[in-house]
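*Asks:* heads up, no residue letters with this:
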């Protein structure tokens with residue numbers, strides 16, 4: 001029964017991915033200036049609708065066959081996409097890991113853990129940064145890097161790609177807001193766990209605060225933190241365009257803007273699909289982690 005349920009969930013996600021892919025390609029298959037006109041009481045399109053579907057189907061099938069072809073400049077799209085895909089993958093994966101680590105430790109620090117001193121101040125410190133625009137965060141990080149470079153401290157590269165140092169600032173900029181979001185979730189979950197009977201019992205038996213925190217509280221709080229990660233992914237992916245643009249980081253969103261600028265609609269549609277695939281891949285990964293974690297907890301309970 002569990003196997004059938006899992007298969008159904010996988011199939012539903014695959015269907016959503018296929019629908020997203022087809023709709024994205026269809027939108028970009030519509031030519032510029034496309035419209036409908038009324039001629040002799042009939043609606044007539046400025047471009048045959050069947051030709052739009054034909055173009056869309058051709059691109060969709062070539063994508064399924066992994067035959068991406070060439071962009072408008074004559075460059076092999078698979079090579080261009082692979083390089084940009086790997087750069088954006090590094091950016092997103094590193095940002096999520098950094099946000100998770102920083103957010104969990106910040107959340108633990110913000111939680112009262114039975115002590116109600118300075119709770120309001122800690123919550124305020126976590127909530128206020130969430131409202132800061134990503135453009136402002138990226139601008140502050142760039143200004144900080146320029147300030148360091150002016151003093152011959154070349155830790156960060158302000159813009160471009162090619163070395164790992166070029167990725168540091170974009171990764172940090174992308175991870176700041178999600179880290180505070182995770183911190184807020186962690187803080188709430190930790191505070192809630194400290195009200196549970198099993199935690200109060202462990203504290204009453206004289207268990208150390210560190211043992212209670214990591215063996216009892218975090219083991220149960222981590223489930224809710226993992227379940228909140230899809231929201232983090234949406235936040236990071238939507239902010240990638242701003243960060244890559246401001247740091248001149250040649251990832252997928254920069255590649256997308258370049259192809260839109262030269263009116264290469266077919267290549268733009270394929271790039272959009274690759275960007276969207278990140279969301280589905282990461283969400284699938286979170287669900288796998290959550291499932292494995294739940295099974296581990298059940299075995300320990302038995």
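*Replies:* Done, it's in. Keep in mind that what you see is a predicted model, and the values were worked out from it rather than measured. Numbering: from 1, shown residues only.
*Asks:* buried sites along whichever helix in the chain runs longest?
*Replies:* In the chain, assigned by DSSP state H, the helix with the most residues is helix 265-301. Within helix 265-301, the residues scored as buried using 16 or more other Cβ atoms under 10 Å are 265-275, 278-280, 282, 286-287. Yep, even glycine has a C-beta here, placed from its N, CA and C like the rest.
*Asks:* Same check on stretch 230-245?
*Replies:* For stretch 230-245, by 16+ other Cβ under 10 Å, it's 232, 233, 235, 236, 237, 239, 240, 241, 242, 243, 244.
*Asks:* Would you mind measuring from the second one to residue 48?
*Replies:* Right, residue 233. 39 Å (Cβ to Cβ, to the nearest Å).
*Asks:* next one: the fifth one
*Replies:* Taking Cβ to Cβ as the measure, residue 237 falls 35 Å from residue 48.
*Asks:* Next secondary structure element downstream of the lowest-mean-pLDDT helix or strand in the chain?
*Replies:* Sorting the helices and strands of the chain by mean pLDDT, DSSP states H and E puts helix 119-127 at the bottom, at a mean of 66. Helices and strands here follow DSSP states H and E; after helix 119-127, the next one along the chain is helix 134-150.
*Asks:* Please state the offset of that following helix from the chain centre?
*Replies:* Relative to its parent chain, helix 134-150 has a centroid offset of 22 Å by Cα atoms, centre = their mean, to the nearest Å.
*Asks:* Backbone dihedrals for residue 38, please?
*Replies:* With angles defined as degrees, to the nearest 10, residue 38 sits at phi -100, psi 110.
*Asks:* cool, residue 46 as well?
*Replies:* Torsion angles, degrees, to the nearest 10, at residue 46: phi -80, psi -10.
*Asks:* what's the answer for residue 44, then?
*Replies:* According to degrees, to the nearest 10, residue 44 has phi -130, psi 130.
*Asks:* Show me what it is bridged to.
*Replies:* Applying DSSP bridges to residue 44 gives these bridge partners: residue 37.
*Asks:* these two touch, right, it and residue 35?
*Replies:* No: in this structure residue 44 lies outside contact range of residue 35 using Cβ atoms under 8 Å: 9.9 Å.
*Asks:* Show me where this structure has its strands.
*Replies:* Shown for the chain, the strands assigned by DSSP state E span residues 36-39, 42-45.
*Asks:* what about the stretch 151-300 of the chain, any weak spots by pLDDT?
*Replies:* Low-confidence segments of the stretch 151-300 of the chain, defined by pLDDT under 70: 294, 296-300.
*Asks:* So which residues of it form helices?
*Replies:* In the stretch 151-300 of the chain, the helices defined using DSSP state H, counting those that start in this stretch lie at 165-193, 197-204, 209-211, 218-227, 229-246, 252-261, 265-301.
*Asks:* mind checking which of these is nearest residue 131?
*Replies:* Closest to residue 131 of the helices of the stretch 151-300 of the chain is helix 165-193 (Cβ to Cβ; 9.3 Å).
*Asks:* Show me what counts as buried in that closest one.
*Replies:* For helix 165-193, the neighbour count (16+ other Cβ under 10 Å) marks 166-191, 193 as buried.
*Asks:* Kindly report the same for stretch 53-71.
*Replies:* Result for stretch 53-71 [16+ other Cβ under 10 Å]: buried residues 55, 56, 59, 60, 62, 63, 68, 71.
*Asks:* Tell me the pLDDT of the nearest residue to the first one once chain neighbours are set aside.
*Replies:* Going back to what we said before, that points to residue 55. By the measure of Cβ to Cβ, 6 or more residues apart in numbering, the closest residue to residue 55 outside its immediate chain neighbours is residue 29, 4.5 Å from it. At residue 29, the model reports a pLDDT of 86.
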